[in-house]
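*Asks:* Fold the following for me, if possible:
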Amino acid sequence: MSGSDPSMPTITLNGQELEFAPGQTILQVALDHEIEIPHYCYHPELTIVANCRICLAQVWQPDPRQDGKLVEIPKLVPTCSTEAIEGQVVSIESPKAIASQKSVMEYLLINHPVDCPVCDQAGECHLQDYSYQYGRGKSRFLEDKNKQPKKDLGEHVLLYSDRCIMCTRCVRFCREVTGTGELTIDGRGSTEQIDVFPGVALDNPLSGNVIDICPVGALLDKDFLFQQRVWFLKKTPSIDGLTASGDNISVEHNDGRIYRVKPRRNDRINKWWISDETRYGWHFIHGEDRVLMPRVAGVEPFAEEEAMLAFESAYEATNRLIRDAATRGHAGLMLSPMLSCEDAYSLIHWIRILDPNAVLCMGPVPVDGTDTTFPGGYTLRAEKAPNARGIRRVIDSVGGATADSLDGCKAVVLTGNYPSTWVTPELAASLADVPHVLMDTLEGPLMESADVVIPTATWLEKSGSFVNADGILQPFARAIDPINWCKSEYQVAADLLASLDGRLAPAVDMDQLRRTMASASGLEEFADERFPELPAVQVESDMELMEL
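*Replies:* Numbering: from 1, shown residues only. Prediction:
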């Protein structure tokens, strides 16, 4: 085997020699080498129970009593729980193994409804795909199927019991990862069902993850139910833009609309999981209270077809306010912790050109309670802002005047981008007599008092990067185009600079912007050779669609 390490033990799987680390199971070795062994109950972050039996394989291994001669294990063994041994020979393609796979699929489908056309899991269902790959192709079962009830398990999750194959992933998740134990197994044999304990709801902060790990269409997302066929969805790798966790996510969208957010595996940060807050907190992006057009105090509202004129007017008024403030004292810029590092750097660059003495400060950082770490190692962050550390890093890198508030400023630029109201009565009162420009996504208390309002894009409508609670810098890609006429803050900054010369700014080149940022002390990580590449989106439910 080319590039092999002589010190590493090897097994032979389907005629292919594979290296493995001591302690790995046969299934883990196969997965590490991107070789498919069918499995339902196994999950890398859950205990091994070997109850689905679809991964059974024929195995021969050296017998020390016969001088290492290969001897067949009398029965098929579950590859998920059988440890790999030096010299082992494994086959999932032998007649015995194939017959076992067909039998397991036949048993699983005996009472399973054939409702793929209306099932939300269709297109990403392991049962559907394995039925084609490993099943018999036709059923010999003539009796009536057992009908099981549909259950409402909690705020986000529905259970279609008659689709369940009893892999118990969801039960183990609630016991081992969250430690909340809401789910249990009720009954025996063909009457066995997943259920919640009496009087208990599936309402832990990570409850939505049971939907992701369900290999069939038994556990479904109420929020996504009947919304979209999965083969129409495009997936964009992104980062949690609502909390300081930095969870890696996959944003799934179609025709400019987001339909769901799912976890993206990152063993260093969130493993396979995300919080329900991250999973469902994006709905404000398509809300009716989005700011969609620029506004300038004393100027008649512009019609939508006059958007270009509206932005020109807003940019001229903004630059005029900051220049005037610089002549009378100094301006101020409040940078929201919801912005990306690129947004913050660009806005600072713009305002310091107009006013070298402009004061910089951090916007409010929402905190709700304290951090919670679950038994499985996932930490739910109390800090409800994705980039407070990144904004602080950018502010420190550029130097100059900073402050905890904007008192004494002759004009103020405020950035929002929060998913809900963020303006306190105290902040609103402090701005009563100060000219201020508001760059925000949602309608709020400052809309009426602001001299200029500029609509901005959320993190899913632009590219950028965040620094999470552990100080890890991570990039994210734009999932959908900005709603209506909204723009990223870094594009607004470029437009404002171009407006000074009466020019139109081109779209910001993100690579060039990051190279510029990397020249600043403390931001070297943004250099091309050091800035991490965006990985391809991989979610646990991904399976290749089979051609029929």
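*Asks:* these two touch, right, C55 and T79?
*Replies:* Yes. Assessed by C-beta atoms under 8 Å, C55 is found in contact with T79 at 4.6 Å. C-beta here means a position set from N, CA and C on the backbone, and glycine is covered the same way.
*Asks:* Mutual contacts of those two, please.
*Replies:* In terms of C-beta atoms under 8 Å, 6 or more residues apart in numbering, C55 and T79 are both contacted by the residues 27, 37, 39, 92.
*Asks:* Can you report how many residues lie near V118?
*Replies:* 9 (other C-beta atoms under 10 Å).
*Asks:* Tell me the backbone dihedrals of it, please.
*Replies:* phi -120, psi 0 (degrees, to the nearest 10).
*Asks:* going forward can the numbers begin at 2, since that is how I track them
*Replies:* Understood, numbering begins at 2; the last thing we discussed is V119.
*Asks:* lowest average confidence, helix or strand, in this structure?
*Replies:* None of the helices or strands of the chain scores lower by mean pLDDT, DSSP states H and E than helix 426-431, at a mean of 86.
*Asks:* So what touches it?
*Replies:* The contact list for helix 426-431, computed with C-beta under 8 Å, 6+ apart, reads 365, 406-408, 446-447, 450.
*Asks:* top of the residues you listed by neighbour count?
*Replies:* L407 (23 neighbours).
*Asks:* That residue belongs to a helix?
*Replies:* No. Applying DSSP: H, G, I helix; E, B strand; the rest coil, one finds L407 to be coil, outside a helix.
*Asks:* For this protein, which residue occupies the most central location?
*Replies:* I250 (1.2 Å; C-alpha atoms, centre = their mean).
*Asks:* Wait, that one touches R265, no?
*Replies:* Yes. Using C-beta under 8 Å, I250 is in contact with R265, at 5.5 Å.
*Asks:* Overlap of the contact sets of the two?
*Replies:* Contacts common to I250 and R265, judged by C-beta under 8 Å, 6+ apart, are 238-239.
*Asks:* Now for Q62: which residues touch it?
*Replies:* Applying C-beta under 8 Å, 6+ apart to Q62 gives the contacts 71-72, 74, 86, 88-90.
*Asks:* Quick one: buried ones out of those?
*Replies:* 89-90 (16 or more other C-beta atoms under 10 Å).
*Asks:* what number of residues lie near D510?
*Replies:* Neighbour tally, D510, other C-beta under 10 Å: 11.
*Asks:* let me fix that: V115
*Replies:* Applying other C-beta under 10 Å, I find that V115 has 10 neighbouring residues.
*Asks:* cool, R321 as well?
*Replies:* By other C-beta under 10 Å, the residues close to R321 number 15.
*Asks:* that older thread, the shared contacts of C56 and T80, buried ones only, as a ChimeraX selection?
*Replies:* The buried subset of the shared contacts of C56 and T80, as determined by 16+ other C-beta under 10 Å, is captured in ChimeraX by this line:
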select :28,38,40,93
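*Asks:* can you tell me which of the shared contacts of C56 and T80 are in strands?
*Replies:* Of the shared contacts of C56 and T80, none are assigned to strands by DSSP state E.
*Asks:* Now render the shared contacts of C56 and T80 as a markdown table, adding distance to R164 and pLDDT.
*Replies:* Formatted as a markdown table, the shared contacts of C56 and T80 follow (distance: C-beta to C-beta, whole Å; pLDDT from 0 to 100):
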| residue | distance to R164 | pLDDT |
| --- | --- | --- |
| L28 | 24 | 95 |
| I38 | 23 | 94 |
| H40 | 18 | 95 |
| I93 | 26 | 94 |
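*Asks:* Sort out which one of the shared contacts of C56 and T80 lies nearest M106 for me.
*Replies:* Using C-beta to C-beta, H40 comes nearest to M106 of the shared contacts of C56 and T80, at 12.7 Å.
*Asks:* Backbone torsions only: list them for that closest one.
*Replies:* phi -160, psi 150.
*Asks:* So it is in contact with L28, correct?
*Replies:* Yes. If you go by C-beta under 8 Å, H40 and L28 touch, sitting 6.2 Å apart.
*Asks:* overlap in contacts of the two?
*Replies:* Counting by C-beta under 8 Å, 6+ apart, the shared contacts of H40 and L28 are 56, 80-81.
*Asks:* Buried members of those into ChimeraX, please.
*Replies:* Selection of buried members from the shared contacts of H40 and L28 for ChimeraX, criterion 16+ other C-beta under 10 Å:
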select :56,80,81
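*Asks:* now, among the shared contacts of H40 and L28, which is nearest to V115?
*Replies:* Closest to V115, out of all of these and judged by C-beta to C-beta, is C56, at 24.2 Å.
*Asks:* ok, A98 - contacts?
*Replies:* Applying C-beta under 8 Å, 6+ apart, the residues contacting A98 are 57-59, 77, 92.
*Asks:* What's the per-residue pLDDT of C362 here?
*Replies:* pLDDT, C362: 92.
*Asks:* Tell me what C362 is bridged to.
*Replies:* With DSSP bridges as the criterion, C362 is bridged to M335.
*Asks:* my guess is L159 is in a strand, correct?
*Replies:* Yes. Counting by three-state DSSP, L159 falls inside a strand.
*Asks:* May I ask you to confirm that it is in contact with K223?
*Replies:* Yes. The pair L159 and K223 qualifies as a contact (C-beta under 8 Å) at a distance of 5.8 Å.
*Asks:* which neighbours do the two share?
*Replies:* Between them, L159 and K223 share no contacting residue, judged by C-beta under 8 Å, 6+ apart.
*Asks:* Excluding chain neighbours, what is closest to H113?
*Replies:* R164 (6.3 Å; C-beta to C-beta, 6 or more residues apart in numbering).
*Asks:* Would you agree the one you found is in contact with G218?
*Replies:* Yes. Using C-beta under 8 Å, R164 is in contact with G218, at 4.9 Å.
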